[in-house]
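Engineer: Requesting a structural model of the entry that follows:
(chains A and B)
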Amino acid sequence: MGTGIEGLWPFHAGEKTVTDRTDVDATLRALLADVLGLGEARAAALTADSGLFGELPEFDSMAVATVLTEMEDRLGILIDDDEIDGEIFETYGNLLAFSQAKVTG
Amino acid sequence: MTEHHLRIDPAGAPRATILIVPPLFEEANRTRRTLVLAMRALAAQGFAALLPDLAGQNDSLVALEDVDLARWRSELAAIKIDGPLIIVSVRGGALIDHAVQAAAWWRLAPAGGASLLRTLMRARVSADREAGLATSLESLQAEARSAPLLLAGNRLSPAMVAQLGGAEPQPVEPLRTVALGADGILGTPLWLRAEPGEDAAMAGTIADDIAAWSTTCGIG
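Structural biologist: Numbers count the residues shown, from 1 in each chain, chains lettered A, B, ... in the order given. Have a look, this model is predicted:
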């Protein structure tokens, strides 16, 4: 479908990299919705203070692992083991800040 | 060792048989219900649909640590089918589907072995950290060279870990590869889900797309 609208959805096109800060936010919300089964409304309602690991019952260690691998795929970044500490998954704001730093960094 | 097969037959003689190669490990459980819904939809369109248990998975009596990708490939290749065969593989299933003699292949969101392995290892690292253990991806890689490794409930042999780390979907002909999204199948990536779900609409779309591909390939 050559409508030109594909460019608005960079995370559906494997090779394209998400560079815009708003795109990172949208990509991350969609990703959490996919992994945690949040549904669009709950994903859209996440704020910087929304708790993730330890707060959302669906967010277990397997979900953490899945989120990390999907972040790499969809944001076009590589995440090193050493960069991950518990704080990143404490709140949505922390996860977003980490992702934006990786994408622009 | 004979594994269970789930088979759904159409009302009359089948147009062709669809052999479903499921995703690997936990992803198989997360997608099974929707794949079986797709099998029912395929049977309604005149196809026989077959979903085999891979050794060490689902109801198999084989220990997972005795299994590797090479064994899965050869066991799938040994399945005998009368009439034309179409292989439908999902995610990690695409890593083991190429040794089968088939008339066509259809792959949904194929996954690289390294990416699947990385996720399993990360789940172990994350769980270990909660328990106060300093595990890393590097220490797990080293451990996996000499002994089976327990990753998110899956005990994987050194051979399995080594093969997964280098496995990519292999070229086959004729092949249709479909991703999720507007240009492929509209639906949810259930294989990522932390909790089980189903997507009946996606199952119907999968069946329609496979049936169309069968026609395109001149199979029936």
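Engineer: When you work out contacts or count neighbours from here on, use the C-alpha atoms and nothing else.
Structural biologist: Fine.
Engineer: Look up the residues forming beta bridges with B:Leu149.
Structural biologist: B:Leu156 (DSSP bridges).
Engineer: who's in contact with it?
Structural biologist: B:Leu140, B:Glu143, B:Arg155, B:Leu156, B:Ser157, B:Pro158 (C-alpha atoms under 8 Å, 6 or more residues apart in numbering or on different chains).
Engineer: What segments of chain B are helices?
Structural biologist: Using DSSP state H, the helices of chain B run over B:26-44, B:69-77, B:113-130, B:137-144, B:158-166, B:200-216.
Engineer: Any buried residues in the last one, and which?
Structural biologist: So the one you mean is helix B:200-216. Neighbour counts over helix B:200-216 (16 or more other C-alpha atoms under 10 Å in any protein chain shown) mark B:200, B:202-211, B:213-214 as buried.
Engineer: Low-confidence stretches in the chain?
Structural biologist: Using chain A. A:1-19 (pLDDT under 70).
Engineer: Please refer instead to chain B.
Structural biologist: Low-confidence segments of chain B (pLDDT under 70): B:1.
Engineer: which parts of it sit against chain A?
Structural biologist: Proximity of chain B to chain A, by C-alpha under 8 Å from any C-alpha of the partner chain, involves residues B:115, B:118-124, B:126-127, B:136-137, B:152, B:180-181, B:183, B:188-190, B:192-195.
Engineer: Number of residues surrounding the residue lying closest to B:Leu180 once chain neighbours are set aside?
Structural biologist: Counting by C-alpha to C-alpha, 6 or more residues apart in numbering or on different chains, the nearest residue to B:Leu180 once its immediate chain neighbours are dropped is B:Leu186, at 5.8 Å. B:Leu186 is flanked by 15 other residues according to other C-alpha atoms under 10 Å in any protein chain shown.
Engineer: Quick check, B:Leu186 in contact with B:Met202.
Structural biologist: Yes. The criterion here is C-alpha atoms under 8 Å, and B:Leu186 meets it with B:Met202 at 6.4 Å.
Engineer: Just the buried residues of the contacts of B:Leu149.
Structural biologist: So, by 16+ other C-alpha under 10 Å, the buried ones in the contacts of B:Leu149 are B:Leu140, B:Arg155, B:Leu156, B:Ser157, B:Pro158.
Engineer: Nearest to A:Ile84 among those?
Structural biologist: Checking the buried ones among the contacts of B:Leu149 against A:Ile84 by C-alpha to C-alpha gives B:Leu140 as the nearest, at 16.4 Å.
Engineer: need the contact list for that closest one.
Structural biologist: B:Met121, B:Leu149.
Engineer: Please tell me how far it sits from B:Pro148.
Structural biologist: For B:Leu140, the distance to B:Pro148 equals 10 Å [C-alpha to C-alpha, to the nearest Å].
Engineer: Many thanks, we can stop here.
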